[in-house]
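**Q** okay, structure incoming, though there's no sequence with it:
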């Protein structure tokens with residue numbers, strides 16, 4: 001699939017990764033990640049149809065134009081392979097003003113990328129970029145209470161539990177990160 005416009009947004013390079021806003025041409029690899037059961041096990045949403053996946057990707061692309069930030073596609077620098085998404089977004093989840101008015105961090109990695117430290121490397125880079133570009137801000141997250149790797153990553157990024165909620169009929173831990181949080 002050809003991309004009609006050049007990508008809009010920053011490109012971040014880390015020692016092992018390249019992070020950039022999604023493009024239409026990412027669709028098939030990106031959708032495959034959301035269909036993989038090893039990747040989906042902690043997601044509260046049902047398996048997405050092709051239409052749902054397409055609309056979600058368009059929403060991710062649109063975040064950049066509307067807000068100046070969004071989710072980055074994460075790619076292995078060595079071979080260009082797609083390995084996941086990491087970024088900040090505004091999902092309007094309806095979880096209350098203290099949550100919904102803050103940029104929400106999100107990360108998801110392909111099964112093949114699990115346990116390699118990619119999410120940590122990408123999340124550090126995204127938080128650094130966001131603070132430099134948009135200024136220090138409180139950011140939030142929701143994570144399945146059984147997703148221990150994600151909860152550990154959130155703690156390393158300076159997130160602390162603020163409560164619990166139910167989102168799409170699934171329990172979640174609500175977390176927040178202070179604007180001046182230390183990253184481990």
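**A** Right, received. Where do you want to start? Every value quoted in this text rests on a predicted model; they were computed, and no experiment measured them. Numbering: from 1, shown residues only.

**Q** so how far is residue 81 from residue 24?
**A** 18 Å (Cβ to Cβ, to the nearest Å). All C-beta spots, glycine's among them, are computed from the backbone N, C-alpha and C.

**Q** measure how buried residue 75 is and give me the count.
**A** Residues lying near residue 75 (other Cβ atoms under 10 Å) number 21.

**Q** for residue 100, give me its contacts.
**A** With contact taken as Cβ atoms under 8 Å, 6 or more residues apart in numbering, residue 100 is in contact with 92-94.

**Q** Throw those residues into CSV and include neighbour count, thanks.
**A** Shown next, in CSV, are those (neighbours: other Cβ atoms under 10 Å):
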residue, neighbour count
92, 9
93, 15
94, 9
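
**Q** and which of these is nearest to residue 106?
**A** Taking Cβ to Cβ as the measure, residue 106 lies nearest residue 93 of the contacts of residue 100, at 11.1 Å.

**Q** what is the burial count for residue 113?
**A** The local packing count at residue 113 equals 21, with neighbours defined by other Cβ under 10 Å.

**Q** quick check: it touching residue 83?
**A** Yes. Counting by Cβ atoms under 8 Å, residue 83 is a contact partner of residue 113 at 4.0 Å.

**Q** I'd like to know how far the residue lying closest to residue 13 once chain neighbours are set aside sits from residue 15.
**A** The shortest distance from residue 13 to any non-neighbouring residue, by Cβ to Cβ, 6 or more residues apart in numbering, is to residue 77 (7.0 Å). Distance of residue 77 to residue 15, given as Cβ to Cβ: 8 Å.

**Q** and residue 154, by the same measure?
**A** 22 Å.

**Q** what's the answer for residue 106, then?
**A** Going from residue 106 to residue 15 by Cβ to Cβ gives 22 Å.

**Q** neighbour count: the two, which is higher?
**A** Using other Cβ under 10 Å as the criterion, residue 106 and residue 15 rank with residue 106 on top: 19 against 7.

**Q** and the residue nearest to residue 63 when sequence neighbours are not counted, what is it in contact with?
**A** Nearest residue to residue 63, sequence neighbours excluded (Cβ to Cβ, 6+ apart): residue 70, at 3.1 Å. Contact analysis of residue 70 by Cβ under 8 Å, 6+ apart lists 9, 21, 60-64, 87-89.

**Q** assign residue 140 to helix, strand or coil.
**A** strand (DSSP: H, G, I helix; E, B strand; the rest coil).

**Q** need the pLDDT of it.
**A** Model confidence at residue 140, given as pLDDT, is 98.

**Q** and for it, nearest residue in space, chain neighbours not counted?
**A** Nearest residue to residue 140, sequence neighbours excluded (Cβ to Cβ, 6+ apart): residue 102, at 4.6 Å.
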